[in-house]
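Asker: Got a predicted structure plus its sequence, pasted below:
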Protein chains: 2
Amino acid sequence: MAVADNIRQMMTRSSWIRRMFEAGAELKAQHGADKVCDFSLGNPNLMPPPEFRETLIRLARDDMPMKHSYMPNAGYPAVRGAVADYIREEYGIGLKPDNVIMTCGAGGGLNVILKTMLNPGDKMLVSTPCFVEYRFYVENHGGTLEFVPGKQDFDLDVEALEESIDARTAGIIINSPNNPSGRVYPEETIRELCAMLERKSSRLGKAVYLVSDEPYRRIVFDGNKVPSLFKFYDNTIIVTSFSKDLSIPGERIGWLAVHPQADDGANLINGCILCNRILGYVNAPALMQRAVADLLRITIDVGEYQYKRDKLYKSLQHMGYEVRKPEGAFYLFPQAPGGDDLAFVDMLRQELILAVPGRGFALPGYFRLAYCVDDEIIERSLAGFSRAIKKIPAA
Amino acid sequence: MAVADNIRQMMTRSSWIRRMFEAGAELKAQHGADKVCDFSLGNPNLMPPPEFRETLIRLARDDMPMKHSYMPNAGYPAVRGAVADYIREEYGIGLKPDNVIMTCGAGGGLNVILKTMLNPGDKMLVSTPCFVEYRFYVENHGGTLEFVPGKQDFDLDVEALEESIDARTAGIIINSPNNPSGRVYPEETIRELCAMLERKSSRLGKAVYLVSDEPYRRIVFDGNKVPSLFKFYDNTIIVTSFSKDLSIPGERIGWLAVHPQADDGANLINGCILCNRILGYVNAPALMQRAVADLLRITIDVGEYQYKRDKLYKSLQHMGYEVRKPEGAFYLFPQAPGGDDLAFVDMLRQELILAVPGRGFALPGYFRLAYCVDDEIIERSLAGFSRAIKKIPAA
């Protein structure tokens, strides 16, 4: 048996998103890719902003020495400095370059901070629905992830989180705008959460950390703004990537920042630098570090995603789907008509529409639509969505 | 305490190479970078081949859609195919694209295969001297790494390896050309090793895998050739990167290939694809995947490294250093005059020469010189090397 027992188990309970991705590939082979409406994967359809291409061409041409060489494991000092400046502006707190590490995307950053923090048996909490890769990330480093149900409107249930915190709780992962619900947790909830964490930490005599996964931070609609956790809670670590801002998820580039007043903060950063090295990331890709440093205030046209959200949201609502209008990200998370997410996703598949069942996000009874697709696909899908819901007998 | 106990311990026993790197930075700040001869880090001084720059410019200009998007976790099918073709040529065995995974460098590839293979308490073996990051990589995934002393001439001691294999041994890591010794294990040794592994596997009733870390494969001198492990042992996994071939270690791009006849091979590959995803690598960087696919048969001018080896080797030998002439890589691994590697490395530092003590490679009494530096640095260092050895009383 070449494969470790735990990996063998994981191979069977592997991600719904990817499973759908593969089922989708089959469907496309069968019916033609242009016939299938694929809402299964959060793979942004927008081209990177023109500034990204220009920057890349400029950097590719540059013939400075040691351009693709190793640099310190935390990243280029100048790039860390540029990110620190950006954080000062965007999050409203002063921060040194030393508090920032460049990472291989947010997936890399999350693994780095979790390996740094978790002792065997430690627990992390997350509110559902959520991105279930978190479970793998926590288990990779000997921890366990506890799912805490969120509220009906997908907001955090701070009381429920409070009740779940015990001596073995290392921290809470939050993700706003949320994948899959698109929910931006309101500032009031964030204040409540942070006050609760202060209280709990002081009662337990140890910091309960807040790990905030923010790849969708700048993809918000209708003038919404994601509150800065750094302003409300010192024991916060922010992890993010440029995957969605710049439409470059394949390039694996992001950063991690530890609040300058975090408990044991210097050790935490140094631990993260060590883990970035020993997990085999070694450093974030060199060329992409330099590219993003020049593009920290650039983003794709969020208006395009807002247009898609409005189009799909209004259409589904009009057809009778129960769906909450999300404030950000590029996902809709409607209730599955009839209540069974697996059955309904299967009905959609018969209409050549690919979606992911809610149980893939620890919340059965819903389904996720990643609407970061061409407008034409949204248009073409509407008849299928309409037929599918009509097949469900009214409750 | 924010930092996990094991990470806190590792932070104190962290890498000698990096420690020297930091001590070097201090020395440079004090005396000026141009005064210090830095042989501490294997950070190639050669520029990438011109074809790399041309390819990068071409790819940066290309405005194909989804160019920086997610692709399957194993990498682009076309890139995996190109690597499979290359392996067929270079290693002399037929291989499908399915047997190849694109990885975030060799560090990423090693973590992926080790996470896939290791059950808690499993053991990996490695011959010393060796790259000690392997210990972290194995421990990351619940295993233990056992150091097995190599021979006086840095060849593998196959008998000693055989004696160390037991029921908990998952595999052996080998690295040829070797970091730090530059040793290329001769084909005779490889045949002996593989025969031993066949024998042991059949006695134990389970495969003992060979994990071959080959980033220096094409950096060999005097017409040497690294034997193809794939030809001698089915249960082989090859992990490598383009860091040294193309002088791009900061870009984190490499591949992993499982022998098509490996025991449980399909599961092994699928496990690796899962682990590439859940360890947070997600996929190897997109742009670099496409770049290297076009450059699989291109390498920096190995003659330049051979010139540096000859220059430094002959000079040190002439001064009275005991040093073996390496067949490959870009390291010399001389005995520390006086026998104490820490003391001698400190004496070199007084001469503004940075080296890494042998205990950083699990072999005290030696020191490593990474001669992938400008010729001028080698020239300038010679007087210091000469003064240092003269301070040691003759035995």
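Answerer: Nice, I can see it.
Asker: count of residues packed around the closest residue to chain B within the stretch 101-250 of chain A?
Answerer: With CB to the nearest CB, the shortest gap between the stretch 101-250 of chain A and chain B falls at residue A:250, namely 3.1 Å. For the C-beta atoms, the positions are set from N, CA and C on the backbone; glycine is no exception. By other CB atoms under 10 Å in any protein chain shown, 26 other residues sit near residue A:250.
Asker: so it sits right up against residue B:286, yeah?
Answerer: Yes - with contact defined as CB atoms under 8 Å, residue A:250 counts as touching residue B:286 (3.1 Å).
Asker: Tell me how far residue A:199 lies from residue B:61.
Answerer: Distance, residue A:199 to residue B:61, by CB to CB, to the nearest Å: 55 Å.
Asker: An error on my part: the question was meant for residue A:364.
Answerer: Here the criterion is CB to CB. By it, residue A:364 lies 47 Å from residue B:61.
Asker: These two: which has the busier surroundings?
Answerer: More crowded of residue A:364 and residue B:61, by other CB under 10 Å: residue A:364, with 16 against 12.
Asker: Where does that one sit, in terms of helix or strand?
Answerer: Under the criterion DSSP states H and E, no helix or strand holds residue A:364.
Asker: mind checking pLDDT for the closest residue to residue A:384 other than its chain neighbours?
Answerer: What sits nearest to residue A:384 in space, not counting adjacent residues and going by CB to CB, 6 or more residues apart in numbering or on different chains, is residue A:351, at 3.1 Å. pLDDT recorded at residue A:351 is 96.
Asker: Kindly provide the distance from the residue of the stretch 101-250 of chain A closest to chain B to residue A:68.
Answerer: Relative to residue A:68, and taking CB to CB, residue A:250 is found at 18 Å.
Asker: Show residues contacting the lowest-mean-pLDDT helix or strand in chain A.
Answerer: Ranking every helix and strand in chain A by mean pLDDT, DSSP states H and E puts helix A:16-31 at the bottom, with a mean of 80. The contact list for helix A:16-31, computed with CB atoms under 8 Å, 6 or more residues apart in numbering or on different chains, reads A:35-36, A:38, A:40-41, A:132, A:345, A:349, A:352, A:354-357, A:359-360, B:73, B:277.
Asker: In PyMOL, how would I select the buried members of these?
Answerer: Selecting only the buried entries of these in PyMOL, with 16 or more other CB atoms under 10 Å in any protein chain shown as the criterion:
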select buried, (chain A and resi 36+38+40+41+132+345+349+352+354+355+356+357+359+360) or (chain B and resi 73+277)
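Asker: Among the contacts of helix A:16-31, which lie within helices?
Answerer: Among these, the members falling in helices (DSSP state H) are A:345, A:349, B:277.
Asker: Which residue is the nearest non-sequential neighbour of the last one?
Answerer: With sequence-adjacent residues excluded and distances taken as CB to CB, 6+ apart, residue B:277 is closest to residue B:73, at 4.4 Å.
Asker: I figured the one you found was touching residue B:283, is that so?
Answerer: Yes - at 5.4 Å, residue B:73 and residue B:283 qualify as touching, with contact defined as CB under 8 Å.
Asker: what residues are shared contacts of these two?
Answerer: With CB under 8 Å, 6+ apart as the test, residue B:73 and residue B:283 both reach B:276-277.
Asker: Can you give me every residue that contacts the residue nearest to residue B:277?
Answerer: When contacts are counted by CB under 8 Å, 6+ apart, residue B:73 touches A:18, B:273-274, B:276-277, B:282-283.
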